[in-house]
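Asker: Dropping a prediction and its sequence here:
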Amino acid sequence: MNNYDIEKIRDQFPALNRHVWNKQLVYLDSAASMQKPQQVLDSISKNYSFNYSNVHRGLHKLSEEATSNYEGARLKIANFVNCNEKEIVFTSGATAAINLVAYSWGMKNLMPGDEIIITIAEHHANIVPWQLVAKQRGAKIIAAKVDPDEDFDSEIIGNLVTNKTRIIAFPHVSNVLGTTFPVKEICNIAKKCGAISVVDGCQGIIHDKVNVKDLGCDFYCFSGHKLYGPTGIGVLFGKYELLEEMPPFLGGGDMIDVVRIEESTYAEPPTKFEAGTPPIVEAIALGEAIDWVNQIGIEKIGLHEKNVISYGTSLIDSISGVNVFGKSPNKTGVVSFTMDCAHSHDIATIIDREGIAVRAGHHCAQPLMDYYNLVSTTRASVGAYSTNEDFDKLAESLTKVKKIFGA
């Protein structure tokens, strides 16, 4: 695809052809989970129905094929983010990836009085694991403030750094505000103060090219289902020298070298962190999703999405009684808003009857909501297949919400 052929792209997503309540589906919930192109769906079917087997230890043809496809997916992902394939750990999702770093690196290295810097805009998955480990190790969590209408200044974090800072964890893109964080600058701050940088990339890698070497991050994680792949598969990039020093997070088969009753020795990374039967088909399908993204080009996808979000933000913000939450100039991916006349749950329920799928609630970001005295917002979010017309239909449906509530 030399040009961005939106109709050709949309035709590859079977779900976009369905009707909801006798209305054509308008899917604006991609930040929660992307729809899947046929190429990925076919991969899942084939690898379960034709050449399914467990990986690594089998000596028969099916196992050899499954192992080749599984490890081939790891290489695709490594190339996608520009790292060595031994630095890619498969997990069940981004949540598991962050927990792996928290419990493996954190439990080994954190000491009483040490500090973990996060932001108030974190998804709960980048808060709760640090809370659990901090409590056990006697560490302290410090949160950087985020202005919803401004680009994030890395010095906000820089000003929080002390000689006790050990971890700086932050999102690539806020799942509520759409704010894009200056990842490279923040990672450089972490490097200078001797802390590790942990990037929640779930909302970033889906909209922008990620080069972990250029960013200088120590860890970067994301979920497969947000990158047009299946659920049940996540990715943790970790610098090899860090992974090598970290103890295993889970114990079991495949992650071992030698097992004795008294003690065991462990495999090298990434196998050391992949205990038990892995998400085989899911990993392969994620590799297929990355093939699909590469066919179009993540830069083209990101540019298209930014244009749609810019249009959608302006349109929704122009409706009287509607308040957009998050207007940073470099935002991407999402438009969160409230209405003076209705709760977000009522909004989402009513417009669902118009065939429009959005997300309503705190979006697993309660500290951000609390700081700005919000209970919840309605969130519209986009993918490669989203269009300006999707937001035209959303805007039209919001006028119906106002009529229902007498606004």
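Answerer: Yep, that arrived.
Asker: which stretches of the stretch 251-400 of the chain form helices?
Answerer: Assigned helices in the stretch 251-400 of the chain, in chain order: 280-296, 298-317, 344-352, 366-371, 388-404 (criterion: DSSP state H, counting those that start in this stretch).
Asker: Can you report how many residues neighbour residue 96?
Answerer: Residue 96 has 21 neighbours, counted by other CB atoms under 10 Å. No exception for glycine: its C-beta is placed from N, CA and C like everyone else's.
Asker: Which helix or strand contains it?
Answerer: helix 94-100 (DSSP states H and E).
Asker: After that helix, which helix or strand is next?
Answerer: helix 107-109.
Asker: so how far is that next one from its chain's centroid?
Answerer: Per CA atoms, centre = their mean, to the nearest Å, the displacement of helix 107-109 from the mean C-alpha position of its chain is 25 Å.
Asker: Please give the centre-to-centre distance between the next helix or strand along the chain from it and its chain.
Answerer: Counting by DSSP H and E, the element after helix 107-109 in chain order, helix or strand, is strand 115-119. Chain-centre distance of strand 115-119: 19 Å, with CA atoms, centre = their mean.
Asker: Now do the contacts for residue 100.
Answerer: If you count contacts by CB atoms under 8 Å, 6 or more residues apart in numbering, residue 100 has them with 89, 91, 236, 249, 273.
Asker: Residue 50 now?
Answerer: With CB under 8 Å, 6+ apart, residue 50 has no contacts at all.
Asker: and it, what are its phi and psi?
Answerer: phi -110, psi -50 (degrees, to the nearest 10).
Asker: on that earlier part again, between the helices of the stretch 251-400 of the chain, which gets nearest to residue 172?
Answerer: Across those, residue 172 has its closest neighbour in helix 298-317 (12.1 Å, CB to CB).
Asker: then that closest one to CSV, C-alphas only?
Answerer: This file holds the C-alpha atoms of helix 298-317, laid out as CSV (Å, rounded to 0.1, in the frame of the first residue of the first chain):
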residue,chain,number,x,y,z
ILE,A,298,3.5,2.3,11.4
GLU,A,299,4.5,5.9,10.5
LYS,A,300,1.6,6.0,8.0
ILE,A,301,-0.8,4.5,10.5
GLY,A,302,0.3,7.0,13.2
LEU,A,303,-0.1,10.0,10.9
HIS,A,304,-3.5,8.9,9.9
GLU,A,305,-4.6,8.4,13.5
LYS,A,306,-3.3,11.8,14.6
ASN,A,307,-5.3,13.4,11.8
VAL,A,308,-8.4,11.6,12.9
ILE,A,309,-7.8,12.4,16.5
SER,A,310,-7.2,16.1,15.7
TYR,A,311,-10.5,16.2,13.8
GLY,A,312,-12.4,14.3,16.4
THR,A,313,-11.0,16.4,19.3
SER,A,314,-12.0,19.7,17.6
LEU,A,315,-15.4,18.3,16.6
ILE,A,316,-16.4,17.0,20.0
ASP,A,317,-15.0,20.0,21.8
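Asker: pretty sure residue 206 belongs to a helix, no?
Answerer: No: with DSSP: H, G, I helix; E, B strand; the rest coil as the criterion, residue 206 is assigned coil and is not in a helix.
Asker: didn't it look like it was pressed against residue 226?
Answerer: Yes: Residue 206 is in contact with residue 226 according to CB atoms under 8 Å; the separation is 5.4 Å.
Asker: list the residues that contact both of the two?
Answerer: Shared contacts of residue 206 and residue 226 (CB under 8 Å, 6+ apart): 30, 34.
Asker: So between those two, which is more surrounded?
Answerer: Per other CB under 10 Å, whichever of residue 206 and residue 226 has more neighbours is residue 206, with 29 against 25.
Asker: Output the contacts of residue 100 as a markdown table; include the columns neighbour count and secondary structure.
Answerer: Shown next, in a markdown table, are the contacts of residue 100 (neighbours: other CB atoms under 10 Å; DSSP: H, G, I helix; E, B strand; the rest coil):
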| residue | neighbour count | secondary structure |
| --- | --- | --- |
| 89 | 25 | strand |
| 91 | 26 | strand |
| 236 | 25 | strand |
| 249 | 21 | coil |
| 273 | 24 | helix |
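Asker: Tell me which stretches of the stretch 1-150 of the chain form strands.
Answerer: Assigned by DSSP state E, counting those that start in this stretch, the strands in the stretch 1-150 of the chain fall at 19-20, 23-24, 26-27, 88-91, 115-119, 140-144.
Asker: Give the other helices and strands that the third one contacts.
Answerer: Contacting strand 26-27 under the criterion 3 or more CB pairs under 8 Å, 6 or more residues apart in numbering; DSSP states H and E are the following elements: strand 356-357, helix 388-404.
Asker: and the first one, how far out from the chain's middle?
Answerer: Here strand 356-357 is found 21 Å from its chain centre; the criterion is CA atoms, centre = their mean.
Asker: Other residues contacting that strand?
Answerer: 20, 25-29, 393-394, 397.
Asker: Pull up the pairing partners for it, direction included.
Answerer: With DSSP bridges as the test, strand 356-357 is paired with strand 26-27 (parallel).
Asker: what's the offset of the partner strand from the middle of its chain?
Answerer: Distance of strand 26-27 from its chain centroid, counting by CA atoms, centre = their mean, is 20 Å.
Asker: And the average pLDDT for that strand is what?
Answerer: Averaged over strand 26-27, pLDDT sits at 98.
Asker: what does stretch 233-249 give?
Answerer: Stretch 233-249 comes out at a mean pLDDT of 97.
Asker: Just the buried residues of it, please?
Answerer: By 16 or more other CB atoms under 10 Å, the buried positions in stretch 233-249 come out as 233-239, 242-243, 246, 248-249.
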